[in-house]
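In: Dropping a prediction and its sequence here:
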Amino acid sequence: MADFTKAGMQQADRAQVSQTIQEASAGSKYWQHQQQKSEKLQQQIDQMILKQSTFSLEQLQQARKLADQAVDFWEQRRNTDRSFLHVDMDAFYASVEIRDCPELQGKPVAVGTHAMLATASYEARKYGIRSAMPGFIALKLCPELTIIAPNSAKYRQVSGDIRKIFEQYDANCVAYSLDEASLEITGYLKLHPDLNPWTTAEQIRKQIFDTTRLTASVGIACSRKLAKIASDYNKPNGQFQVPAQQDEIIRFVRALPIRKISGIGRVTATILQDALGIKTVQDMYDQRHLLQLLFKESSFDFFIRTTLGISESDDVTPRERKSISKEHTFRPTNDPAELLEICSILAQQIADILCAYRCSAQTIGLKLKLDSFEIRTRARTVYTAVYEFEDINRIAQQLLRKEFPIRLRLIGVRVSKLQKQRLKQTKLDDYMILPQQDE
DNA sequence: GCGGATCAC
DNA sequence: TATGGTGATCCGC
């Protein structure tokens, strides 16, 4: 249940932490729902084990051949010529709060709410506290823990400051979140022959500290994905370089537990481990024939590339948003009026955002989390795109009404199939030359 | 196109 | 007492 893969967790007393979490959870509706999910997962694993036992020797040999072909295919596309840095701020939100409140120096600190923590300081991680843990459980693990409500505006400010630094190195740097970014420094290094990736990383970390008084960790590699993994290797306040050589790259990735790979989450890791005995990337490579037989081609390809340390594409493709959503958790209720009211508030928020973006949407979706934590989604696509509150609210409420009677703890409203909204005719238009509208 | 699931942060 | 919010993607229908 507990996840010890995060940096800084090695010191926690795992058994003690697991037991405390267990005691805090056991019997709750959340826990019951988790139990159900894990039973389902176990069935899926049993099925997979059963299926394995049916493979003939020929099938296995053929699969191995196909897997080796895939290895060759990707190996031919390996490119080690580019240089990337992945910069990751250390315990970002918590570090900002501690910086701004020296009282907290050296104390366990977390940022979040009693319901959910976003970040835990390294001091707090020693107690087994981590992000995505409810605050009330964290307090059981460490009663002295200070929980601070998130100050998003402040984090955005700092995030903007470090972004300015990144842009000095790569005008097209990619921000993954407020505290993480990927930089290509291939061009920068060409312009500065006296520098190399390692010294550049040192320089950036110093620059970040000088302007924010915060520390960052940096991964250095010939692909964005490897750089990201490497940034976790010497955390906090450290850096690690994966040499840009095929054999070194393979040695590096094969030693990793699969859970360190971005894209392999808790569920996939459990399936791979319990059904196929795959714990590390080396195991993944050794079992490539089974992966070929048991998974869809796209998953299989992802696994093969993972074992080689080859990422799909490192090009920056400026992608536009595909959906906008608002959701809210509340004290569970089955009162239709109350539920419709919450739905309507969310619809209004969505309408406001659509308005700000000058967008309309063709699909309106509803997300419902039952009192039991079961999640349901409902959606409806309309012929002509909508953007006004009245339209969005009407459709969302229709979808909601169909589910009555129901007891909910969360409602979400989402719009997708977004399109740039046609400019509305106004009197002003008579005096303006409007850009040609597509369609 | 819809709904369930998974994942990252 | 009590387990979040946003956006993306994939799979099977």
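Out: Yep, it's here.

In: Look up how far DNA strand C lies from A:Glu327.
Out: According to CB to the nearest atom of the strand, to the nearest Å, A:Glu327 and DNA strand C sit 4 Å apart. Glycine gets a C-beta too; all of them are placed from N, C-alpha and C.

In: elements contacting the host helix or strand of A:Gln207?
Out: Using DSSP states H and E, A:Gln207 sits within helix A:197-212. For helix A:197-212, the elements it packs on are strand A:84-89, helix A:152-169, helix A:186-191, strand A:216-221, strand A:239-241, judged by 3 or more CB pairs under 8 Å, 6 or more residues apart in numbering; DSSP states H and E.

In: report the angle between the axes of the second one and strand A:216-221?
Out: It stands for helix A:152-169. 40 degrees (axes from the mean of the first three to the mean of the last three CA atoms, to 10 degrees).

In: what's the average pLDDT for helix A:152-169?
Out: Mean pLDDT, helix A:152-169: 98.

In: hang on, the earlier thing: how about the helices and strands packed on helix A:197-212, which one is nearest A:Glu180?
Out: A:Glu180 lies closest, by CB to CB, to one member of the helices and strands packed on helix A:197-212: strand A:84-89, at 5.0 Å.

In: tell me how far that closest one is from the chain's mean position?
Out: 16 Å (CA atoms, centre = their mean, to the nearest Å).

In: Send me the helix or strand that contains A:Ser360 as CSV with only the CA atoms.
Out: Counting by DSSP H and E, the element that carries A:Ser360 is strand A:359-370. Backbone C-alpha positions of strand A:359-370 (Å, rounded to 0.1, in the frame of the first residue of the first chain) are rendered in CSV as follows:
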residue,chain,number,x,y,z
CYS,A,359,-13.4,29.0,-27.1
SER,A,360,-16.5,26.9,-27.5
ALA,A,361,-17.0,23.2,-26.9
GLN,A,362,-18.9,20.3,-28.6
THR,A,363,-18.7,17.7,-25.8
ILE,A,364,-19.9,18.3,-22.3
GLY,A,365,-18.9,15.7,-19.7
LEU,A,366,-19.8,14.9,-16.1
LYS,A,367,-17.7,13.2,-13.5
LEU,A,368,-19.4,11.8,-10.5
LYS,A,369,-17.7,10.2,-7.5
LEU,A,370,-20.2,8.3,-5.4
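
In: That strand - contacts with which helices or strands?
Out: Secondary elements touching strand A:359-370 (3+ CB pairs under 8 Å, 6+ apart): strand A:323-333, helix A:336-357, strand A:375-386, helix A:389-401, strand A:408-420.

In: one more time with 10 Å
Out: helix A:29-52, strand A:323-333, helix A:336-357, strand A:375-386, helix A:389-401, strand A:408-420 (3 or more CB pairs under 10 Å, 6 or more residues apart in numbering; DSSP states H and E).

In: and those as TSV, adding mean pLDDT?
Out: What follows is these, written out as TSV (pLDDT from 0 to 100):
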stretch	mean pLDDT
helix A:29-52	97
strand A:323-333	98
helix A:336-357	98
strand A:375-386	98
helix A:389-401	98
strand A:408-420	97
